[in-house]
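Asker: the following block contains a protein sequence and its predicted model.
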Amino acid sequence: MVRHSLITAAVALATLAVPAFGGDMLQPGMPFPEFTLTAQDGSTVSSEALHGSYYLVYFYPKANTPGCTKEACAFRDSWPAVEAAGLKVFGVSYDTPKANLAFAEKYHLPFLLLSDTDHALAKQVGAARAVLPVPKRISYLVGPDGKVVKAYPDVTPASHAEEVLADYTKLTK
């Protein structure tokens, strides 16, 4: 029994270190892939419609989990400043629009949560994992020309909104 528990724990730890299988993260200056994803309200969001605007795409593993809730609520709590700055924010997960709707309603999220249920966008941007059925917690700040302005490979959920807003402010001064 103890041996089985140790093996299970070792396998769990090993999977946390598994790299993304969709490739490496995009780097600043690279074009962000074209996408069209469904939001929690049933609308669609496309990269084409966002052309000319700065926007943040942040990948989160799963709605209603502790870290994802902290990150989403940090953006919610910073929303007056984010909105005043003119930055668009989109959370992306593998969750269905229905699951994202429940998450958004429960925490009163003022931004759209997008469903990448086929993992296509996550694979293109290095957020997909080979073993775990959830995306990595990474983000991209995309410029008006559709190119990555800043990549965030290591996101701290509680302070990410503040970090992004500070970076965006520096860029648009």
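Answerer: Great, that's in hand. Not measured: the values here are computed from a predicted model.

Asker: residue 163 is in contact with residue 154, isn't it?
Answerer: No. With contact defined as Cβ atoms under 8 Å, residue 163 does not count as touching residue 154 (10.4 Å). In this view, the C-beta of every residue, glycine as well, is placed from N, C-alpha and C.

Asker: name the residue in those two with the higher neighbour count.
Answerer: residue 163 (15 against 9; other Cβ atoms under 10 Å).

Asker: gap between that one and residue 108?
Answerer: 22 Å (Cβ to Cβ, to the nearest Å).

Asker: ok, now residue 78?
Answerer: Distance from residue 78 to residue 108, counting by Cβ to Cβ: 14 Å.

Asker: between the two, which one's more packed in?
Answerer: residue 78 (18 against 10).

Asker: spatially nearest residue to the more buried one (excluding sequence neighbours)?
Answerer: The spatially closest residue to residue 78, leaving aside those adjacent along the chain, is residue 161, at 4.2 Å (Cβ to Cβ, 6 or more residues apart in numbering).

Asker: backbone dihedrals for the one you found, please?
Answerer: phi -60, psi -40 (degrees, to the nearest 10).
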